[in-house]
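S.K.: no sequence for this one, just the structure:
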């Protein structure tokens, strides 16, 4: 293990640690949890003792290598360049690189790491912030990836204003729970679309109305919205536009379905081509992973205006089960892998 700075708590760093890894692209059943060398850090990175790590759709895509576009974009063509899964992280700084100025050994942080399903993970200084004192490690660990995605979608792209009607499709999931709360904090009237089991939770975090996607149709009820945040949805642009106010904004966040090569990107590209010719605004974006956004999120979390919704908890050894739980669409809120003490709720 190579360290690049004398600012290191050597007493807390072992040469190896547990990690959930994929030797090649595959399914959760191909995931193995075993001993792996503690990662080295670059001059602009910190080494973390991981307390907890969040599970989201991005992890699934990097595990399976689909759509194949992600392989072309540099994540590894035949096998993942980063064999350790996980991005969302909360933990304690054990060592800092020579160019790191924002953190010191012992700091509690949360953000985005490079392989967080592990005892130890390396993370760019620019993708971490101090953990608010009112959050547990589990809550912080599920916040960064989903939270900044929701923040950018609701605030920066949709530009939601007080009094507007906002529809969040996928409101019971990781990004959705943050989107509902951020829109509500802005004074919007929020309707959440999700499964019936998640309806009480969606209402508890600020949705004035909930729609069960299995039995109700948000298009046919005749209500139109100033902003629609469509998270990993499969609705056509035509359907979404019918529920959008004449000068409303649609924001497509991620996207499932489509073909194995490009996934759901076809819908995003169609939105970009069509939008200039409409009074309605059809937008999509790729979330920017930087501490500027995570700091904005941390302010909302510290104030209590937004509270992470933690779903099921799994031990690191049960990481495959955590991903199966995500795949089965059973999650309400965001699933977390508890690493530091493996105290789980089953």
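M.R.: That came through, no problem. Please read all numbers here as calculations on a predicted model, not as lab measurements.
S.K.: Next, the distance between the ends of stretch 30-44.
M.R.: End-to-end distance of stretch 30-44: 32 Å, with Cα to Cα, to the nearest Å as the criterion.
S.K.: tell me the mean pLDDT over that stretch?
M.R.: The average pLDDT within stretch 30-44 is 96.
S.K.: Stretch 116-126 too?
M.R.: In this model, stretch 116-126 has a mean pLDDT of 98.
S.K.: go on, stretch 193-208?
M.R.: Stretch 193-208 shows a mean pLDDT of 94.
S.K.: Would you mark the buried spots in stretch 29-46?
M.R.: 31, 33, 36, 38, 39, 41, 44, 45, 46 (16 or more other Cβ atoms under 10 Å). Heads up, the C-betas are built off the backbone N, CA and C, glycines and all.
S.K.: Compute the distance between the last one and residue 39, please.
M.R.: Translated: residue 46. 11 Å (Cβ to Cβ, to the nearest Å).
S.K.: Quick check: neighbours shared by those two?
M.R.: Both residue 46 and residue 39 are contacted by residue 122, under the criterion Cβ atoms under 8 Å, 6 or more residues apart in numbering.
S.K.: coming back round to it: now secondary structure and distance to residue 232 too, for the buried residues of stretch 29-46, in TSV please.
M.R.: Below are these laid out as TSV (DSSP: H, G, I helix; E, B strand; the rest coil; distance: Cβ to Cβ, whole Å):
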residue	secondary structure	distance to residue 232
31	coil	22
33	strand	27
36	strand	31
38	coil	34
39	coil	30
41	coil	33
44	coil	32
45	strand	30
46	strand	31
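S.K.: In TSV, list those along with distance to residue 306.
M.R.: Formatted as TSV, those follow (distance: Cβ to Cβ, whole Å):
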residue	distance to residue 306
31	31
33	32
36	34
38	34
39	31
41	31
44	29
45	28
46	25
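S.K.: Quickly name whichever of the residues you listed is closest to residue 206.
M.R.: Minimum distance to residue 206 across these is 34.3 Å, recorded for residue 46 (Cβ to Cβ).
S.K.: how about that closest one, what does it touch?
M.R.: Residue 46 neighbours (Cβ under 8 Å, 6+ apart): 93, 94, 95, 96, 97, 100, 103, 109, 122, 123, 125, 128.
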